[in-house]
Each structure stands twice: as structure tokens, then as C-alpha cells.
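> Sequence first, predicted coordinates after that:
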Amino acid sequence: MARVSIPTVADRVLSGELYGTGDHVVIILAHGGYSSLASWAPSAMSLAGAGLRVLVVEARAASDLASGRETPCLYDAKCLAKDVLAAMQYARRLGANRISLMAGSMGGAAIAEASTDRAARDVESLVLLAPATMSSPERMRGRKLFVATRDDANSAGLRLPSIQALFDGAPEPKRFILLEGSAHAQRVLAEPDGAAVLRDIVTFLNGGSAAVAPSP
């Protein structure tokens, strides 16, 4: 693993960690809270071990939160998407000719938003772990893999209906892995089935389609 610094248009650098080698770069957004550079390290190492090059990026809002300052960007998918786009530009400078994006919850919404930008025309695939809602799902680019658990909930109730609506609004090609349990977003990878889910993610990133859509 190598620590890297990623410049942004806001004249501020993002902290990142780079794993593996190759020209297919998987960008993972650590958006804050439990989704940190450290929390993504085991998954990043597994993906790198499967032959992918992985760039885990700490969003500016995540860095601010870690230093004790919570900013509105932490809850703003469009704001977080700017850091995803900066990471994509950095990946291209590394020599990437294939770029995939992966994140969960609000980070999932951020990579979905980023994929709609003109600068993301070359995004190949998205891995969305229980993504939060975003404004225009019909504009999402690339192949899409949604992962969620049936009983995942917050104070407003079950998250699955809004995730299903996002999936329904997204254009093909798309797939959905629906798991039993209540683990939210990235945390599903730490569950007993997490290793199997990660294998499905690797299959998907490599162009396969191991996942199926949930029953209505």
C-alpha cells in the first residue's frame, strides 16, 4: 500500500491509499464516519489480491469530520462527487484505461452523482452498497451493481424501498444483490457472508454478472 495525495480544483489535496497494480483502477470513496481509509483497507487488499488496482480516497468532508469539524458536504452527494471526479482524474494520470467506482450509503450516492458528469464518460462500472438517494438515477453511467440487506433501516424506516427505487430508475445494465440481515452499506462486507459478497463484486468488476435482481 502506498499513501498518495490527490489534488482538487478547490486547491486542496485529498488523502488516498493505493493498492495493487494494473490498468483497471477501482476508486473507493471513504466518505466519513465509519467509512474511512482504515475501514476500507481489508476490502481494498482483497480487491488488489484479485488483480485490481485500488485507490481509496478520503473525501474532504471525511477529513474535516476526523479533525472535529462537520461540514454540510458530508451530507451532500453532489459536493462529495467533486472529490470522486478529482480521484478519477488522478487515476487517469496513473495510466488507468478502465475506471470503476465503489462506495456505500452517502458515498454510494456520491459515486452515482459523479458518474453523471461529462468528465466521467469513461466510467466502466459502479458498485453501490446501500446507496443514499440521488437526483437523476436515469443519468447514471456504466454497469451497476447494487448491494443491500433486507432489514437495513434508520430512524425513518427501512432503506430498501428507496434503494429499490434508485435501482429501478437506473438504466441497464444493472444487477442487485439482496441479502438477509440488517447490516448497512460497507458493513455488509464484515458480515459472515462478506467474503462471498466481495467475490461477487470482483466477478462483476471483471465483467461477469453473478448477481440477480431481488424479487418484488
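Yep, it's here.
> Show me what the helix or strand of the chain with the lowest mean pLDDT is packed up against.
Scoring the helices and strands of the chain by mean pLDDT, DSSP states H and E places helix 60-66 at the bottom, with a mean of 88. Helix 60-66 is packed against strand 13-19, helix 77-93, with contacts defined by 3 or more C-beta pairs under 8 Å, 6 or more residues apart in numbering; DSSP states H and E. Using the backbone N, CA and C atoms, a C-beta is placed for each residue, glycine as well.
> Each with direction, which strands does the next helix-or-strand element following the shortest one pair with?
Yep, that's strand 13-19 we're talking about. Counting by DSSP states H and E, the next helix or strand C-terminal to strand 13-19 is strand 24-30. Paired strands of strand 24-30, with direction, are strand 53-58 (parallel), strand 98-104 (parallel) (DSSP bridges).
> right, and these - which one's nearest V9?
With C-beta to C-beta as the criterion, V9 lies closest to strand 53-58 of those, at 14.8 Å.
> Now do the closest one: distance to the chain's middle.
Offset of strand 53-58 from its chain centre (C-alpha atoms, centre = their mean, to the nearest Å): 10 Å.
> next one: stretch 36-52
With C-alpha atoms, centre = their mean, you get 12 Å for stretch 36-52.
> Please point out which parts of that stretch sit buried.
Residues of stretch 36-52 classed as buried under the neighbour-count rule (16 or more other C-beta atoms under 10 Å) are 36-37, 39-41, 43-44, 46-48, 50, 52.
> Nearest to H24, out of those: which one, please.
For the buried residues of stretch 36-52, the nearest to H24 is L52 (5.7 Å; C-beta to C-beta).
> For that closest one, which non-adjacent residue is closest in space?
In space, and not counting its chain neighbours, L52 is closest to V26: 5.1 Å by C-beta to C-beta, 6 or more residues apart in numbering.
> Now for that neighbour, how many residues are close by?
Counted by other C-beta atoms under 10 Å, the residues lying close to V26 total 30.
> my read: it touches R53, true?
Yes - judged on C-beta atoms under 8 Å, V26 makes contact with R53 at a distance of 7.0 Å.
> tell me what the strand or helix carrying L178 is packed against?
For L178, the element it lies in under DSSP H and E is strand 174-179. For strand 174-179, the elements it packs on are strand 143-149, helix 160-169, helix 194-205, judged by 3+ C-beta pairs under 8 Å, 6+ apart.
> got the angle for the first one vs helix 160-169?
Taking axes from the mean of the first three to the mean of the last three C-alpha atoms, to 10 degrees, strand 143-149 and helix 160-169 form an angle of 170 degrees between their directions.
> Quick one: mean pLDDT for the helix or strand following strand 143-149?
Sequence-wise, the next helix or strand downstream of strand 143-149 (DSSP H and E) is strand 153-154. Taken as a whole, strand 153-154 has an average pLDDT of 96.
> Give me the residues contacting the helix or strand just after strand 153-154.
Going down the chain from strand 153-154, the next helix or strand is strand 157-158, by DSSP H and E. Residues outside strand 157-158 that contact it (C-beta atoms under 8 Å, 6 or more residues apart in numbering): 151-152.
> circling back to that earlier point, would you convert the helices and strands packed on helix 60-66 into CSV that also reports mean pLDDT and mean neighbour count?
Below are those laid out as CSV (pLDDT from 0 to 100; neighbours: other C-beta atoms under 10 Å):
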stretch, mean pLDDT, mean neighbour count
strand 13-19, 96, 20
helix 77-93, 96, 22
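> Fine, thanks again, bye for now.
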